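Asker: model the structure of this input:
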Amino acid sequence: MQFESSNGSNTFSVENITLANSSVGTVEVIKNIGNPNSSKKIAYVVGVHPLEHEVHETLIKILPNRTGLNYCYDIYVINVTENVGHYGEGLSDDEDPGRQNGQNLAHEFVYPEINDGGYDLAIDVHSNVGAYPYKTFVFSPVKESISVDYANEIANNCPNISYYAPDSTTSGPFLTIPLNENGIPAFYFEEYSFAPQDVKDEHILELIHAVDNLNF
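Answerer: Numbering: from 1, shown residues only. Coordinates of the predicted model:
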């Protein structure tokens, strides 16, 4: 796979590997983005909840094209194909088969790859319909963990990203919580689903640059 660099003059290759092709969806990983020679490796995860695809697509569009990054990045891409659904159906989290399919794919195929992959950090990218006090925010589902410190550092260095922790998460037990419990810091990035695309782009760029300047 080839991506054009941010200055439009160079291209570079990264590796795209299929991890799973199941009856409910696929899982791929885009590997070695940024600085493959870095001793620090960070995983982004997109697609756990399929209706939130616009922010997932935004990260995939922007991150591989950034030049001069300090760290090495892999993007785990979950593509739910069964029972994707649509906004407005009124289903609860427990009743939404598309969300559950994505969570199951994350736990079965993404979690072990990150857990055994020598990563220093994992970021699970989501979006929301605006029901929280903040629309664009980061948080860790494990309150007493270094991931809280990393997420707070991101919020402190991003003018448009806050730190806000909801009371619970449906996807936490499938990915971010077990990662934290096994010593791999993992936190969420939440974007507002209905933000204009240029705003999504701006916020993803803020996130990318702040993560790339974390002091591990």
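
Asker: what sits opposite K41 in the beta ladder?
Answerer: C72 (DSSP bridges).

Asker: how about the contacts made by it?
Answerer: Going by CB atoms under 8 Å, 6 or more residues apart in numbering, K41 touches 71-74, 117-120. Just so you know, the C-beta spots here come from the backbone N, C-alpha and C atoms, and that holds for glycine as well.

Asker: go again with 10 Å.
Answerer: Contacts for K41 were tallied using CB atoms under 10 Å, 6 or more residues apart in numbering; they are 31-32, 34-35, 71-74, 114, 117-121.

Asker: H126 bridge partners, please.
Answerer: H126 has these beta-bridge partners by DSSP bridges: E190.

Asker: how many neighbours does it have?
Answerer: 19 (other CB atoms under 10 Å).

Asker: list the contacts of it.
Answerer: 45-49, 52, 55-56, 169, 171, 188-191, 193.

Asker: in helices only, show me the contacts of K41.
Answerer: When DSSP state H is applied, the contacts of K41 are split such that I114 fall in helices.

Asker: among the contacts of K41, which pair sits farthest apart?
Answerer: Largest separation among those by CB to CB: N35 and I114, giving 18.8 Å.

Asker: so I184 is in contact with S147, correct?
Answerer: Yes: if you go by CB atoms under 10 Å, I184 and S147 touch, sitting 8.6 Å apart.

Asker: could you identify the longest helix within this protein?
Answerer: Longest helix of the chain, by residue count under DSSP H: helix 197-212.

Asker: now do the buried residues in it.
Answerer: 199-200, 202-204, 206-208, 210-212 (16 or more other CB atoms under 10 Å).

Asker: that older thread, among the contacts of H126, which ones are buried?
Answerer: For these, a burial check counting by 16+ other CB under 10 Å picks out 45-49, 52, 55-56, 169, 171, 188-191, 193.

Asker: picking up where we left off before, between the contacts of H126, which sits nearest R99?
Answerer: Distances from R99 to the contacts of H126, taken as CB to CB, are shortest for H49 (5.0 Å).

Asker: can you pull out the helices in this protein?
Answerer: Secondary structure of the chain, counting by DSSP H: helices at 53-62, 97-105, 111-115, 146-156, 176-181, 197-212.

Asker: wait, which of those is closest to V24?
Answerer: Smallest distance to V24 across the helices of the chain (CB to CB): 4.3 Å, for helix 97-105.

Asker: packing partners for the closest one?
Answerer: If you count contacts as 3 or more CB pairs under 10 Å, 6 or more residues apart in numbering; DSSP states H and E, helix 97-105 packs onto strand 25-34, strand 72-80.

Asker: quick one: the last one to helix 53-62, angle?
Answerer: Note on geometry: by axes from the mean of the first three to the mean of the last three CA atoms, to 10 degrees, strand 72-80 and helix 53-62 are set 150 degrees apart in direction.

Asker: for strand 72-80, list the C-alpha coordinates in CSV.
Answerer: Provided in CSV are the C-alpha atoms of strand 72-80 (Å, rounded to 0.1, in the frame of the first residue of the first chain):
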residue,chain,number,x,y,z
CYS,A,72,6.1,4.0,15.0
TYR,A,73,2.3,3.5,14.5
ASP,A,74,0.1,0.6,13.5
ILE,A,75,-3.6,1.1,12.8
TYR,A,76,-5.9,-1.9,13.5
VAL,A,77,-9.0,-1.6,11.2
ILE,A,78,-12.2,-3.5,12.1
ASN,A,79,-14.8,-3.5,9.3
VAL,A,80,-18.1,-4.9,10.5
